[in-house]
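> Quick one: sequence plus predicted model below, questions after.
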Amino acid sequence: MGDQAGEIKTPEAGERQGRRQRGGVGGGADARRAARRGGGLHQLPYITRKIPVFEVLDTEALEIIEHNADTVLEEVGLEFRGDEEALAIWRDAGCDLYGERVHFPRGLCRQLVRQSAPAEFIQHARNPDRSVRIGRGSTVFAPVYGPPFVRDLDGGRRYATIADFHNFVKLAYMTPAMHHSGGTLCEPTDVPVNKRHLDMVYSHIRYSDKPFMGSVTAPERAADSVAMAKLVFGDDFVENNTVMISLINANSPMVWDDTMVGALKTYARHNQAVICTPFILSGAMAPCTVAGVLTQSLAESLAGMALAQLVRPGAPVVMGSFASSMSMQSGAPTFGTPEPSLTLYGMGQLARRLGVPFRSGGSLCGSKLPDAQAAFESAQTLLPTLLGDVNFVLHAAGWLEGGLVSSYEKFIMDADQLGMMQVMASGIDMSENGQAMDAIREVGPGKHFLGCAHTQANFESAFYRSSIADNNSFEQWEAEGAQDAAQRANRIYKRMLETYEAPAIDPAVDEALQAFIAERKASMPDAFA
């Protein structure tokens, strides 16, 4: 049933299986596959790292953290609030319950995860060429997630709308180094709360053909997401493959609430991936030390992943970590500081020891504008993300103001950095061309390499070309309007949206999706809270 540990379906194999299994609502499988494929859009593949992983903990330290996390689970326990089924599942698994507090037998959660959770899995996109591998040595970039506000240079900071949501889906689709369409790119506040998930999931399906995330704001919204995915991929394919990944946050410290647990169970039952992430502001929602954060994060994430395995053994899970430092003066979250980087590196090591994919990092900052603070803080988060072997990277582009704002200009600036990370992860070319011995022989002492055959053959691809940086002379920069990076990004995102072309979709699938959305919306009154 789906991707089991040690059994990995390649995107090609999954597509062959999909051709056999999918029923769908349109014509033949080959016709639907052709409709799902995009046009000539340039897309970089997900990263398969060729550089070493940076590690900060030795084996003894890792064992201490794991022992402490097991102690938290056994002696302190975690609360599972408002979900009687989850409590019954834990009771049947041998846990001790005191009201909603669950105490786990030492090592139980780790055992459950290790025995059935896959070390890697394929998330299939409706365009098979865009499918991604999540786990063991791969890195997948996904956009910003969750902000209620958007910002650009023209309109300033404002509440997000569904039009903004469409725009960010389109930008993610058109960005070569963005491997994933993401989820809640911004909160469309002009659509009722209880109905907006339908428009958001549809936007990912219609305006992109990359992998996407499902809704988690209520179990029934997760169920709607699964139902819509089945209209695209077919019932059997969804039940036996992963086509969605979703963010399930612990309510730190040491609480899982019924909303998140309900969504987790819904997705796990249908073999869809969940990212079990403690959301931690160090010093407020966890201890103010890195080792303390690692211990609590591991305990919370272990419990979430283990529950998914009890719901459906083999359901894909990702160990998540989101831990920021905080200002001890104001209590505000801070980003780009050393402690969260150390936490990221440590959690990556713990995930690899456990044998599950890892989610963390991104391009995080606390700045209110896409300025130097935003750039420095994001760089200090993104580089550890790459070096720490993060497999699924949420908030890879567009994050501003501590996650309150999705910024158009910051999205473009971050995307440029993602392209650089793609090159960095590929390592050093040691092919005959990479060794460049012909060039060294041709040029010899005291000459230059500008005109040699090797340079001429490689000049277009030798170095990464930034879309944001200006390296012209002062005079040329001034003549072209003396624009800063944000102004250049503003021009780029507008040009991208002007030239956007939607990927093809089977008209029958699109019609079925719209009919499902209309029926679901008609079944309930609008709710804005």
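Okay, I see it.

> What's the separation between the residue lying closest to residue 470 once chain neighbours are set aside and residue 417?
Using Cβ to Cβ, 6 or more residues apart in numbering and skipping residues adjacent in sequence, the residue nearest residue 470 is residue 477, 5.5 Å away. To be clear about C-beta, it is placed using only N, CA and C from the backbone, and glycine gets the same treatment. Per Cβ to Cβ, to the nearest Å, residue 477 is found 21 Å from residue 417.

> Those two: which is more packed in?
residue 417 (20 against 13; other Cβ atoms under 10 Å).

> Kindly confirm my reading that the more buried one is in a helix.
Yes: according to DSSP: H, G, I helix; E, B strand; the rest coil, residue 417 belongs to a helix.

> Now do residue 143, the pLDDT please.
Here the pLDDT value assigned to residue 143 is 98.

> mind checking the SS state of residue 433?
helix.

> how near is the residue most central in space within the chain to residue 488?
When the chain is reduced to its mean C-alpha position, the closest residue under Cα atoms, centre = their mean turns out to be residue 394, at 3.3 Å. According to Cβ to Cβ, residue 394 stands 26 Å off from residue 488.

> before we move on, what about residue 143?
For residue 143, the distance to residue 488 - Cβ to Cβ - is 20 Å.

> The two: which has the busier surroundings?
residue 143 (31 against 19).

> doesn't residue 408 make contact with the more buried one?
No: if you go by Cβ atoms under 8 Å, residue 143 and residue 408 don't touch, sitting 11.7 Å apart.

> Need the residues touching each of those two.
residue 398 (Cβ atoms under 8 Å, 6 or more residues apart in numbering).

> so is the closest residue to residue 304 other than its chain neighbours in a helix, a strand, or just coil?
Spatial nearest neighbour of residue 304, excluding adjacent residues (Cβ to Cβ, 6+ apart): residue 276 at 3.2 Å. Three-state assignment for residue 276 (three-state DSSP): strand.

> which residues does residue 276 bridge with?
Taking DSSP bridges as the rule, residue 276 bridges to residue 248, residue 319.

> Report pLDDT for it.
pLDDT, residue 276: 98.

> same question, residue 452
96.

> hang on, it packs against residue 440?
No: if you go by Cβ under 8 Å, residue 452 and residue 440 don't touch, sitting 9.2 Å apart.

> neighbour count winner among the two?
residue 452 (18 against 12).

> how close does the more buried one get to residue 464?
Taking Cβ to Cβ, one finds residue 452 at 21 Å from residue 464.

> Do you know the pLDDT at the residue nearest to residue 311 when sequence neighbours are not counted?
Leaving out its chain neighbours, the residue that sits closest to residue 311 by Cβ to Cβ, 6+ apart is residue 268, at 4.2 Å. What the model reports as pLDDT for residue 268 is 98.

> Which elements pack onto the helix or strand containing residue 268?
In this structure, residue 268 is located in helix 258-269 according to DSSP states H and E. Packing partners of helix 258-269 (3 or more Cβ pairs under 8 Å, 6 or more residues apart in numbering; DSSP states H and E): helix 84-92, helix 219-233, strand 244-250, strand 273-281, helix 290-311.

> what comes up buried for it?
For helix 258-269, burial by neighbour count (16 or more other Cβ atoms under 10 Å) applies to 258, 259, 260, 261, 262, 263, 264, 265, 266, 267, 268, 269.

> Residue 275 is in contact with residue 247, correct?
Yes: with contact defined as Cβ under 8 Å, residue 247 counts as touching residue 275 (5.1 Å).

> Of the helices and strands packed on helix 258-269, which is nearest residue 493?
Using Cβ to Cβ as the measure, strand 244-250 is the one of the helices and strands packed on helix 258-269 that comes nearest residue 493, at 24.8 Å.

> what is the orientation angle of that closest one with strand 273-281?
Angle, strand 244-250 to strand 273-281, by axes from the mean of the first three to the mean of the last three Cα atoms, to 10 degrees: 30 degrees.

> Identify the residues contacting strand 244-250?
Counting by Cβ under 8 Å, 6+ apart, 123, 134, 145, 183, 211-216, 222, 225-226, 229, 256, 260-261, 263-264, 267, 272-279, 300-301, 304, 316, 318, 320, 322, 392, 394 sit against strand 244-250.

> Just the buried subset of those, please.
123, 134, 145, 183, 211-216, 222, 225-226, 229, 256, 260-261, 263-264, 267, 272-279, 300-301, 304, 316, 318, 320, 322, 392, 394.

> which helices and strands does the helix or strand where residue 80 lies pack with?
Element membership for residue 80, per DSSP H and E: strand 78-81. Packing partners of strand 78-81 (3+ Cβ pairs under 8 Å, 6+ apart): helix 84-92, strand 101-103, strand 255-257, helix 290-311.

> just checking, what packs against the first one?
Where contact means 3+ Cβ pairs under 8 Å, 6+ apart, helix 84-92 is packed against strand 78-81, strand 96-98, helix 258-269, helix 290-311.

> Would you mind giving these as CSV with distance to residue 161 added?
Below are the helices and strands packed on helix 84-92 laid out as CSV (distance: least, Cβ to Cβ, whole Å):
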stretch, distance to residue 161
strand 78-81, 33
strand 96-98, 45
helix 258-269, 24
helix 290-311, 32
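
> For residue 197, which of these is the nearest?
Going by Cβ to Cβ, the one of those nearest residue 197 is helix 258-269, 10.8 Å.

> hmm, who's touching the closest one?
Contacts of helix 258-269 (Cβ under 8 Å, 6+ apart): 80-83, 85-86, 214-219, 221-223, 226, 244, 246, 248-251, 273-274, 276, 304, 307-309, 311-312, 315, 317.

> Give me the residue ranges of the stretch 351-500 of the chain where confidence is low.
Residues of the stretch 351-500 of the chain meeting the criterion pLDDT under 70: none.

> mind checking which helix or strand residue 202 is in?
helix 196-207.

> Name the next helix or strand downstream of that helix, please.
strand 212-213.

> What average pLDDT does that following strand get?
98.

> ok, now stretch 157-172?
98.

> Go through that stretch and flag the buried ones.
Across stretch 157-172, burial judged by 16+ other Cβ under 10 Å covers 160, 161, 162, 164, 165, 166, 167, 168, 169, 170, 171, 172.

> Would you check which pair of the residues you listed lies furthest apart?
161 and 172 (17.1 Å).

> Tell me the one of the buried residues of helix 258-269 nearest residue 119?
Nearest member of these to residue 119, counting by Cβ to Cβ, is residue 268, at 17.0 Å.

> now that closest one: how far from residue 356?
Taking Cβ to Cβ, one finds residue 268 at 14 Å from residue 356.

> Show me the common contact partners of those two, please.
Counting by Cβ under 8 Å, 6+ apart, the residues touching both residue 268 and residue 356 are residue 317.

> Could you report the pLDDT at the closest residue in space to residue 290 that isn't next to it in sequence?
In this structure, residue 290 finds its nearest non-sequential neighbour in residue 342, 4.9 Å apart by Cβ to Cβ, 6+ apart. Looking at residue 342, its pLDDT stands at 98.

> Am I right that residue 342 is in a helix?
Yes: counting by three-state DSSP, one finds residue 342 located in a helix.

> In this structure it contacts residue 56, no?
Yes: Residue 342 is in contact with residue 56 according to Cβ under 8 Å; the separation is 5.8 Å.

> rewinding a little: residue contacts, the residue nearest to the centre of the chain?
Residue 394 is in contact with 142, 143, 144, 145, 182, 247, 275, 359, 362, counting by Cβ under 8 Å, 6+ apart.
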